[in-house]
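Participant: here is a sequence together with a model predicted from it:
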Amino acid sequence: MTEITPEQLSKMNKIALVIDSEVVDILYADERLASILLSNPLIIDIDEKLKTEKIVVGYFYDADSDTFVENL
C-alpha cells in the first residue's frame, strides 16, 4: 500500500465524526466523499444484503420496504 504524503494529507478534507456530542474519529476524505458525507446521507449497512441482492451506485433505496431498486 502506498503511503500518503504530508502534502496529500494537507489537501484532504478533514471531517469530525461526532456521536452524542463527542468526537469519536476524524476522517480524511477527498472532495467528493467529503461532499457526500457532509450532505447528511442515510447510511445503511448493506453487507448482508449484498449476499443476495445486486446494489450499485445509482440504485434507489425504498425505506418503506428496505429494498434497493435500479433507476430505470
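Facilitator: All right, it came through fine.

Participant: so what touches stretch 51-69?
Facilitator: Applying Cβ atoms under 8 Å, 6 or more residues apart in numbering, the contact partners of stretch 51-69 are 42, 44, 46, 49, 70, 71. To be clear about C-beta, it is placed using only N, CA and C from the backbone, and glycine gets the same treatment.

Participant: please, where are all the helices along this protein?
Facilitator: 6-11, 31-38 (DSSP state H).

Participant: select from the ones you listed the stretch with the lowest mean pLDDT.
Facilitator: Ranked by mean pLDDT, those bottom out at helix 6-11, with a mean of 88.

Participant: how far does that one sit from the chain's center?
Facilitator: Relative to its chain's centre, helix 6-11 lies at 21 Å (Cα atoms, centre = their mean, to the nearest Å).

Participant: what's it packed up against?
Facilitator: Contacting helix 6-11 under the criterion 3 or more Cβ pairs under 8 Å, 6 or more residues apart in numbering; DSSP states H and E is no other helix or strand.

Participant: ok so, going back, out of the contacts of stretch 51-69, which is most surrounded?
Facilitator: Taking other Cβ atoms under 10 Å as the neighbour criterion, residue 49 ranks highest of the contacts of stretch 51-69 with 14 neighbours.

Participant: wait, residue 34 touches residue 16, no?
Facilitator: No: if you go by Cβ atoms under 8 Å, residue 34 and residue 16 don't touch, sitting 11.7 Å apart.

Participant: neighbour count: these two, which is higher?
Facilitator: residue 34 (16 against 10).
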